[in-house]
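S.K.: pasting the structure only:
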């Protein structure tokens, strides 16, 4: 089987996976810090591929680093951007190309999974909550979405802005009794509230409770609280949602 290397260069780290072109099954995966020198193990896995698909939201320095890493492979590379439509999904952003390509890839994957109206959450450096409406069989539309600080950004913003609050990881508590727990629990509550509000908006628009797909580095922390407190009755955790979306975009572009 032919293999595809997909790379998601985010603001915190760069995730990658080697997938079969035919069915999108991941055979090898990992992550890197920007500027990291590739190990022989990573290079060996990448050299098995026939081509490469990349989404990069981390800026020109990240792209230059990736180009230097990928150049020795001498493989065709597609640097994906958000388009007006792909894989049965219409991008209704006011300027489609300005939509973050990681959000677009995640929505493409979620749409392929559900094929119905849904909410797509990425809990990473930022929290993004995007809404998809099913408009016809096999056809969907990205209606819009929100961007808010992610868990670490939210915690750090409070520490930076308020005197006397020291940095601390904190733990989830229903009734926090120290500052670190209060900041951590409050940040998660705010994230849950943002997701729940958007699920409710789309559910009211559609006339039924829509499902919600959750991904990103803090997805495993956020999901149990959403399942406990929020509106949606169907959740799906997909840690490699952007990479899965890249596979669909590559297949659509071939």
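M.R.: Perfect, I can see it now. Predicted model, so just to flag it, every value in this text is computed and none were measured.

S.K.: Helices of the stretch 51-200 of the chain, residue ranges please.
M.R.: Applying DSSP state H, counting those that start in this stretch to the stretch 51-200 of the chain gives helices spanning 60-70, 101-114, 151-161, 179-206.

S.K.: which parts of the third one are buried?
M.R.: By neighbour count, and taking 16 or more other C-beta atoms under 10 Å as the criterion, the buried residues in helix 151-161 are 151, 153-155, 158-159. For the C-beta atoms, the positions are set from N, CA and C on the backbone; glycine is no exception.

S.K.: and which of the residues you listed is nearest residue 125?
M.R.: residue 153 (6.5 Å; C-beta to C-beta).

S.K.: Skipping adjacent residues, who's closest to the closest one in space?
M.R.: residue 125 (6.5 Å; C-beta to C-beta, 6 or more residues apart in numbering).

S.K.: close enough to count as contact, residue 51 and residue 5?
M.R.: Yes - between residue 51 and residue 5 there is a contact at 7.4 Å, judged by C-beta atoms under 8 Å.

S.K.: Overlap in contacts, these two.
M.R.: The contact sets of residue 51 and residue 5 overlap at residue 75 (C-beta atoms under 8 Å, 6 or more residues apart in numbering).

S.K.: Looking at these two, which one has more neighbours?
M.R.: Neighbours were counted for residue 51 and for residue 5 using other C-beta atoms under 10 Å; residue 5 has more, 24 against 17.

S.K.: what's the distance between the host helix or strand of the more buried one and the middle of its chain?
M.R.: Secondary structure from DSSP states H and E places residue 5 in strand 3-9. Offset of strand 3-9 from its chain centre (C-alpha atoms, centre = their mean, to the nearest Å): 14 Å.

S.K.: Name the surrounding residues that touch that strand.
M.R.: Strand 3-9 has contacts (C-beta under 8 Å, 6+ apart) with 14-21, 27, 34, 46, 48-58, 62-63, 66, 75, 102, 105, 242-243, 246-247, 250.

S.K.: Output the contacting helices and strands for the next helix or strand after it.
M.R.: Downstream of strand 3-9, the first helix or strand assigned by DSSP H and E is strand 14-20. In terms of contacts (3 or more C-beta pairs under 8 Å, 6 or more residues apart in numbering; DSSP states H and E), strand 14-20 is packed against strand 3-9, strand 26-32, helix 40-46, helix 241-253.

S.K.: okay if I get the ones you listed as a markdown table plus mean pLDDT?
M.R.: Below are those laid out as a markdown table (pLDDT from 0 to 100):
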| stretch | mean pLDDT |
| --- | --- |
| strand 3-9 | 96 |
| strand 26-32 | 95 |
| helix 40-46 | 93 |
| helix 241-253 | 94 |
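
S.K.: Any idea which of the ones you listed gets closest to residue 114?
M.R.: Using C-beta to C-beta, the nearest of these to residue 114 is helix 241-253, at 12.0 Å.

S.K.: Give me the neighbour count for the closest residue to residue 170 other than its chain neighbours.
M.R.: Setting aside the residues directly before and after it, residue 170 is nearest to residue 184 in space (C-beta to C-beta, 6+ apart), at 2.9 Å. A total of 23 residues lie near residue 184 under the criterion other C-beta under 10 Å.

S.K.: begin at 43 from here
M.R.: Noted, 43 is the first residue going forward, which turns the last one into residue 226.

S.K.: how far is the strand or helix carrying residue 256 from where the chain is centred?
M.R.: Per DSSP H and E: residue 256 is located in strand 254-257. Centroid displacement of strand 254-257 relative to its chain, using C-alpha atoms, centre = their mean, is 9 Å.
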